[in-house]
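Student: Here you go, sequence then predicted model.
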Amino acid sequence: MSGEPIDLDGGFGEGGGAILRVGVGLGAALHRRVSVKDIRANRPKPGLRAQHCTGINGIADLVGGTVRPQLE
């Protein structure tokens, strides 16, 4: 990985899966680390759903990246 990390605040605005998909895709294309906090924070059921995790893991596999969840 090179360059500055991409830090995303999933509690900003709509804060749904779109910010996650675009951010992780951008990180993969630029070979940069992506950190996401408070994803879907303003939703009735906050946090990542199974489809989000599947997508993130798929992109990581494509680019040889790793996924490290940090639970608070």
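Tutor: Nice, I can see it. Treat the numbers as computed from the prediction; the structure is a model and nothing was measured. Residues are numbered from 1 along each chain as shown.

Student: what about the strands in this structure?
Tutor: Secondary structure of the chain, counting by DSSP state E: strands at 6-9, 34-37.

Student: Which among those strands is found nearest to residue 49?
Tutor: Each of the strands of the chain was scored for nearness to residue 49 using Cβ to Cβ, and the closest is strand 34-37 (13.5 Å). In short, each C-beta sits where N, CA and C put it, glycine included.

Student: Skipping its backbone neighbours, what lies nearest residue 23 in space?
Tutor: Of all residues not flanking residue 23 in the chain, residue 8 sits nearest, at 4.5 Å (Cβ to Cβ, 6 or more residues apart in numbering).

Student: Residue 19 is in contact with the one you found, correct?
Tutor: Yes - using Cβ atoms under 8 Å as the test, residue 8 is close enough to residue 19 to be in contact (5.8 Å).

Student: what do those two both touch?
Tutor: With Cβ atoms under 8 Å, 6 or more residues apart in numbering applied, the overlap between the contact sets of residue 8 and residue 19 consists of 36, 39.

Student: returning to what we had before: okay if I get the strands of the chain as JSON lines plus mean neighbour count, distance to residue 64 and mean pLDDT?
Tutor: Listed next are the strands of the chain as JSON lines, based on neighbours: other Cβ atoms under 10 Å; distance: least, Cβ to Cβ, whole Å; pLDDT from 0 to 100:
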{"stretch": "strand 6-9", "mean neighbour count": "15", "distance to residue 64": "17", "mean pLDDT": "90"}
{"stretch": "strand 34-37", "mean neighbour count": "16", "distance to residue 64": "14", "mean pLDDT": "89"}
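
Student: Let's have those in JSON lines, adding distance to residue 28.
Tutor: As requested, the strands of the chain are arranged in JSON lines below (distance: least, Cβ to Cβ, whole Å):
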{"stretch": "strand 6-9", "distance to residue 28": "10"}
{"stretch": "strand 34-37", "distance to residue 28": "8"}
